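> model this:
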Amino acid sequence: MSSGEREPSKQERTYTVLKERILDGSYGPGYRLVIDAIARELEVSPMPVREAIRRLEAEGWVIYRANQGAQVAPVDTGSWKEVMVTLALLEGYATAAAAPELRAADLKRLRAINKKMRGAIERLDLMQVSRFNHEFHGVIYDRCPNSYLRRELAETNERLNTLRATVFLYIPTRGNESAKEHDSIVELIESGADPVRIEREARRHKLRTVEDYESRLAEAGQPAPIGGARVS
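Prediction:
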């Protein structure tokens, strides 16, 4: 670290570690955050841990329950669906806007990422499937000329990161279907297809995840969230 760079505080380092563990699924929904145990593991006093947990609570990652303390916030299926449907609309538009800006090297990279995603699917490495899925769409987002939309997509996707691996686990066939849909999107972009068609395909790609998830809930005898996410 150069002399001009400030070393992160203990609270900042603790916050970063805890958030990374929530995002990568190490701390799943409902996981209890025991302050003393975390402090011992990270070799800090309890105070930085408390401050980090308060910050995570303010951001919605952590909740407090009576007699149980701090826990990773549970999955709100209804909220997840609402965000996914919104993301479908944003992602569809962003993909169509990015299409003319994507170069041959970008398309080659998209195919390479999708190949890695298929390898992770075969290994049943759901965290890697999730990571490559996110990376695939990130390449497209980066070429979207609308900077405000890019920021909105980044923030929305961060909220969904904690749920993606869970979704692929709950609907295991979704990984292969998603990879095939990625291929279709790349082919449409490469062929110079109508932006309306590209937007529709990118939107359908996201909405299919919602539909597959709801179908799985129905098969398991669990009620689906209120409201529909029909593909049009």
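> OK, contacts around the closest residue to Asn176 other than its chain neighbours?
Computed as Cβ to Cβ, 6 or more residues apart in numbering, the closest residue to Asn176 that is not its neighbour in sequence is Ile121, at 6.0 Å. C-beta here means a position set from N, CA and C on the backbone, and glycine is covered the same way. Each residue near Ile121 by Cβ atoms under 8 Å, 6 or more residues apart in numbering is listed here: Val129, Gly175, Asn176, Ala179.
> Buried ones from the residues you listed, can you make that a ChimeraX selection?
If you want just the buried ones from the contacts of Ile121 in ChimeraX, going by 16 or more other Cβ atoms under 10 Å, the selection is:
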select :129,175,179
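> would a markdown table of the contacts of Ile121 with secondary structure be doable?
As requested, the contacts of Ile121 are exported to a markdown table (DSSP: H, G, I helix; E, B strand; the rest coil):
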| residue | secondary structure |
| --- | --- |
| Val129 | helix |
| Gly175 | helix |
| Asn176 | helix |
| Ala179 | helix |
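> hang on, the earlier thing: where's the residue nearest to Asn176, which helix or strand?
helix 104-122 (DSSP states H and E).
> Mind exporting the C-alpha coordinates of that helix to PDB?
What follows is helix 104-122, C-alpha atoms only, in PDB (Å, rounded to 0.1, in the frame of the first residue of the first chain):
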ATOM      1  CA  ALA A 104     -16.300  -9.100 -32.200                       C
ATOM      2  CA  ALA A 105     -14.000  -9.400 -29.100                       C
ATOM      3  CA  ASP A 106     -17.000  -8.800 -26.800                       C
ATOM      4  CA  LEU A 107     -19.000 -11.600 -28.500                       C
ATOM      5  CA  LYS A 108     -16.100 -13.900 -28.300                       C
ATOM      6  CA  ARG A 109     -15.800 -13.200 -24.600                       C
ATOM      7  CA  LEU A 110     -19.500 -13.800 -24.100                       C
ATOM      8  CA  ARG A 111     -19.200 -17.200 -25.700                       C
ATOM      9  CA  ALA A 112     -16.200 -18.000 -23.600                       C
ATOM     10  CA  ILE A 113     -18.000 -17.100 -20.400                       C
ATOM     11  CA  ASN A 114     -21.000 -19.200 -21.400                       C
ATOM     12  CA  LYS A 115     -18.700 -22.100 -22.100                       C
ATOM     13  CA  LYS A 116     -17.300 -21.700 -18.500                       C
ATOM     14  CA  MET A 117     -20.800 -21.500 -17.200                       C
ATOM     15  CA  ARG A 118     -21.700 -24.900 -18.900                       C
ATOM     16  CA  GLY A 119     -18.600 -26.400 -17.300                       C
ATOM     17  CA  ALA A 120     -19.700 -25.200 -13.900                       C
ATOM     18  CA  ILE A 121     -23.200 -26.700 -14.500                       C
ATOM     19  CA  GLU A 122     -21.600 -30.100 -15.300                       C
END
